[in-house]
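Undergrad: Generate a structure from the sequence data that follows.
(chains A and B)
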Number of protein chains: 2
Amino acid sequence: MAGKFISERNLKFLLYEVFNVDELTGYPYYDQHNRKLIEMVLDAGMKLAKDIYYPILEEMDRTPPEMTDGRVKVHPSVRDIMSEAGEGGWIASNFPLAVGGEQLPHIVAAACRFIFSAANYSGSIYPELTAGAARLITSFGNDRLVSTYVPNMLNGKWQGTMALTEPQAGSSLADITTAAALTPDGYYRIRGQKIFISAGDHDGVENVVHLMLAKIEGAPAGVKGISLFVVPKNRLDGDGRLVPNDITVSSIYHKLGYRGTPITELSIGENNDCHGYLVGEPHNGLRYMFQMMNESRLGVGLGATAIASAAYHAALAYAKERPQGRNLSQKDATLPQVPIIQHADVKRMLLFQRAVVEGSLSLNLQCWRYADLAQVTSGEERQESELLLDILTPVAKSYPAEMGILSTSQALQCFGGYGYCDDFPVEQYFRDMRIHPIHEGTTGIQGMDLLGRKVLMHDGKAFDLYLAVIEKTVEEAKTVSELARQAAKMEMALEQLRQVTLHKIRQRSNSTAEVFLADATLYLEFFGIITIAWQWLRQAVAACIAMEQRPSRKDRNFYQGKLYTFRYFFSYELPKIFGLQQRLVEAEEMPTVDMEPVFFTEN
Amino acid sequence: MAGKFISERNLKFLLYEVFNVDELTGYPYYDQHNRKLIEMVLDAGMKLAKDIYYPILEEMDRTPPEMTDGRVKVHPSVRDIMSEAGEGGWIASNFPLAVGGEQLPHIVAAACRFIFSAANYSGSIYPELTAGAARLITSFGNDRLVSTYVPNMLNGKWQGTMALTEPQAGSSLADITTAAALTPDGYYRIRGQKIFISAGDHDGVENVVHLMLAKIEGAPAGVKGISLFVVPKNRLDGDGRLVPNDITVSSIYHKLGYRGTPITELSIGENNDCHGYLVGEPHNGLRYMFQMMNESRLGVGLGATAIASAAYHAALAYAKERPQGRNLSQKDATLPQVPIIQHADVKRMLLFQRAVVEGSLSLNLQCWRYADLAQVTSGEERQESELLLDILTPVAKSYPAEMGILSTSQALQCFGGYGYCDDFPVEQYFRDMRIHPIHEGTTGIQGMDLLGRKVLMHDGKAFDLYLAVIEKTVEEAKTVSELARQAAKMEMALEQLRQVTLHKIRQRSNSTAEVFLADATLYLEFFGIITIAWQWLRQAVAACIAMEQRPSRKDRNFYQGKLYTFRYFFSYELPKIFGLQQRLVEAEEMPTVDMEPVFFTEN
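TA: Alright, predicted model coming up:
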């Protein structure tokens, strides 16, 4: 029997009771769906997760991809995953009907991705990356590119990737050197090297389609000279046959976790015979890629949340079963031991995990709800949703990525010594998790994105909207007497956020860019805690409303658990902002700026 | 060339400039040593670490112990490690001359252990465990036990272990069931099962000597019925030959990290022919074992610090070399990239690691200094040192264990994607580190030890002494104008600690044991941050004094680095106490106590 890896009850609570998906399916764009159909989709997703993804979770970790004679061999079930994901419509689930998609609300598609990633993160990456790459072609490619590549990606026969990173240009995309030279035939000749390309090649598909950044000869320096290309592993010749396109895998990486997916190093155009096809306009590649990156960043946050969810449910199941010790007021050693879930310190660890998992999931779905609203509305309403999505994205990426490390670590801790051994899957979850603060923009990059771009953009409009939506939740919470204390804490937190942000904006005028952004990562953490507190307040309002409807005993337990986790968050997590605030407004000491590299050296 | 894994300059700074080892060698017990001899010992330790330990760091991880036909095969170099550690006098370094030791100050022995553990944690465990087990026999065993077992342990021919844990009794030692039956011949017949026994058997030694907890038939229930036994793998028969003692290895564990050391499951006395020899008095086993456990707890803290040190130095070396991006105020993409150590956010990550590593090391050496003072003084002075050692031990164990996870994680982060791959050793350090909050008493256990026992014992005398020594450091700091701001912060932190502790003590009278101890882990974290701040203040005072002596340029850089790291700690780490304090004095919400197990369940 599969272990439990997500709470379906919670997923439905968020979709229906917090984010009101029924409202979305009232808009014409989504009106072919309704709650019953959505339930069927979720049930089918759970079935697929249990039947295909979860059973090979450990196997994919223990038998990682291998490279022999330039070919990357992955677990044989990857082929099943891709074909199920393709034929079942999962890759195309939130694509428009017009390109063969299901036109499912993004929030529902995200819920399904969450299910798959929680069952088997490595396994879920193959279709997820393919969807992201296909969407990029659909959004910015010409009809020929769309018709040539998208159908085989959406049906799972071809793998999609995102090929950005180069050895000399990791976080600094301005410095990529992969070159593209226009040929008289209209295609570009591509030459360069890419590293850390997830699913960059494997034998679970017939072809791989790279969405690749490169610079056209003579392009401006820096990010303004970057263009986006479709560069397939095998290209179609004049007769519609696939022929090799001069891309070779030079190596695959041996990784701490996330071992079911090959991460590849690619040599492109070594024989000067790699064809690439420009997407959109020259030199606009980074802008296009950012669409995919933002989606990927939400995907990373969701993946981190999913792994933390699986670890939490494993720890919870263990804590219910494992007898150890006695209640602290009971010292009679002849009485039987109690399950560790009865100890307050274990409950604290479980509440922490639940707070991180369900808070992060709530934020992620919140983001997709804004994406849906941007899809179905227009004008001012649409712009507001887009701005909120923009400002929340770095938080939705980094909070689960960073806190997920701590959450899986606490899950492992619940198992004691067994958690450190591979008898249980938690040590794998702990390893799988650690990639998330790195890929799709490190946490440091997210911090600079939030403070250096998102908070300032449109004269602070996104930031103001953000404050306003939280204030709205506070007003709702104030109408529920049980939530009064936390509503007041939330207001105080918002006031702190305002003050800190004002301080930072002043610092930006009075000081250097380096000083202004030196603590951007801390600002991100501060902002993140407040954002998750908001999500917990939203959930608490929904739970209190539900509690008034005389729920069943099962449901009462669920809502009670929600409310205790919410209380936990406001008592144990939210106060962390006090220390961060102290630091963020302290202007006298800038040790991270003033420290000279030579002071790290002793000889 | 071996990578750098510790700062020798820092180790000497702590030994001589902060903890004044020269003063210790002035006491008769240690007067056969002097600074010159100690330097020679440290140099010899570094040489051994570079020659024997470090070169097999990765190899021991990649080729973990294997069990075939009941025999545990370890890396062939384990034999070299044990013989070098034995013959070179490292195992016996701080044993009395009377039993064949070197009678080196404990603080110097700890410095050497730090060197070995930083070079190769798994490798260092074999001699370290042996020393701990031998000390237990020396302290509490009769002459016959000492003469039979200790010499071969100190010379590295026999492995020592600590055999406490059983399947049904992990953290709850009261529940062990391993049985001991007295025979007419004076020895006990032992029967039971032990799990998670580090180095419980291996082919790098001729014999293994278990210091084992068991219950004599008819003993009282709970911890008051626990006795301590020497139970060798092979016992000496009447003719002085080693014969099997009916202990078999039932399995070895496959672990996340710490893979160079076998962790074993032992079946004892399956054929009713396992002889055990009582150490000291019956039913006093736990008290005796606690001596070893305390030493082991400091050892765990030191091991965690050592791994974090190696990870920090790896990250530092990489950050100096790796070009990526440009200074934030420099946007000209045609200029060359700068090494990432120039970015404030990378310096922040490095300062964090240095703060954790050098703060933890300082605390650990502080503890050993108290152990040394307890060794050389008597009466009130001795008792004070012992009480300070007692109250600091849970902090010295858990702060590096918990913060070490974050510190190695930040080291990994400095490498970007490469940190997640096994091309660099940081991913191993991240895995090796994770054991520390678990073994030798979980962090939860340490929290209860601190708040439930240490703070209260002798009517709070240890706690008062602790406050007094910190106040003394504050007074010293106040005489240095450069440290005024941080001295004031330290005073405020002490005041918060007083208030929180008072609140907790009141809670103890007004409430249940469960409520009193529910947040013991948070109290430990709170107490830990304040303790490390104290150690940084001590170091800052020493650095400021040194800066007045017109040091060389190299030394100036070192002291400047110290002072910036100190400032970092007071600006970024110490403020974390504000959030913890908020929680710790909040009496209205006890979600971890009130949460019922059923609220975690949804069906």
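
Undergrad: so where is chain A shaky, pLDDT-wise?
TA: A:1-2, A:603 (pLDDT under 70).

Undergrad: again, only this time at 80
TA: A:1-2, A:170-171, A:291-292, A:330-331, A:602-603 (pLDDT under 80).

Undergrad: Would you mind giving the domain segments of it?
TA: Per automatic domain parsing, the structural domains of chain A span A:8-154, A:159-282, A:443-590.

Undergrad: Whether the last one contacts chain B - can you check?
TA: Read it as domain A:443-590. Yes. Against chain B, domain A:443-590 shows contacts by Cβ under 8 Å from any Cβ of the partner chain at A:443-444, A:447-448, A:485, A:512-514, A:517-522, A:554, A:557-558, A:560-561, A:564-565, A:567-568, A:570-572, A:575-580, A:582-583, A:586, A:588-589. In this view, the C-beta of every residue, glycine as well, is placed from N, C-alpha and C.

Undergrad: Does residue A:30 touch residue A:103 like I think?
TA: Yes. With contact defined as Cβ atoms under 8 Å, residue A:30 counts as touching residue A:103 (7.0 Å).

Undergrad: which stretch among the domains of chain A comes nearest residue B:49?
TA: domain A:159-282 (25.2 Å; Cβ to Cβ).

Undergrad: element containing the closest residue to residue A:8 other than its chain neighbours?
TA: Once flanking residues are discounted, residue A:8 sits nearest to residue A:46: 6.6 Å by Cβ to Cβ, 6 or more residues apart in numbering or on different chains. Per DSSP states H and E: residue A:46 is located in helix A:35-48.

Undergrad: That helix packs against which elements?
TA: Identification of packing neighbours for helix A:35-48 by 3 or more Cβ pairs under 8 Å, 6 or more residues apart in numbering or on different chains; DSSP states H and E yields helix A:8-12, helix A:21-24, helix A:106-119.

Undergrad: Distance to residue A:132 and mean neighbour count added to those helices, as CSV?
TA: Formatted as CSV, these follow (distance: least, Cβ to Cβ, whole Å; neighbours: other Cβ atoms under 10 Å in any protein chain shown):
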stretch, distance to residue A:132, mean neighbour count
helix A:8-12, 22, 18
helix A:21-24, 22, 18
helix A:106-119, 11, 26
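
Undergrad: can you put those in a markdown table and add distance to residue A:69?
TA: Formatted as a markdown table, those follow (distance: least, Cβ to Cβ, whole Å):
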| stretch | distance to residue A:69 |
| --- | --- |
| helix A:8-12 | 44 |
| helix A:21-24 | 49 |
| helix A:106-119 | 31 |
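
Undergrad: what's the closest of those to residue B:309?
TA: Of the helices and strands packed on helix A:35-48, the one closest to residue B:309 (Cβ to Cβ) turns out to be helix A:106-119, at 35.3 Å.

Undergrad: helices and strands around the closest one, which ones?
TA: helix A:8-12, helix A:21-24, helix A:35-48, helix A:121-140, helix A:285-321, helix A:344-376.

Undergrad: any chance of these in a markdown table, plus distance to residue B:413?
TA: Shown next, in a markdown table, are the helices and strands packed on helix A:106-119 (distance: least, Cβ to Cβ, whole Å):
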| stretch | distance to residue B:413 |
| --- | --- |
| helix A:8-12 | 30 |
| helix A:21-24 | 37 |
| helix A:35-48 | 33 |
| helix A:121-140 | 19 |
| helix A:285-321 | 15 |
| helix A:344-376 | 19 |
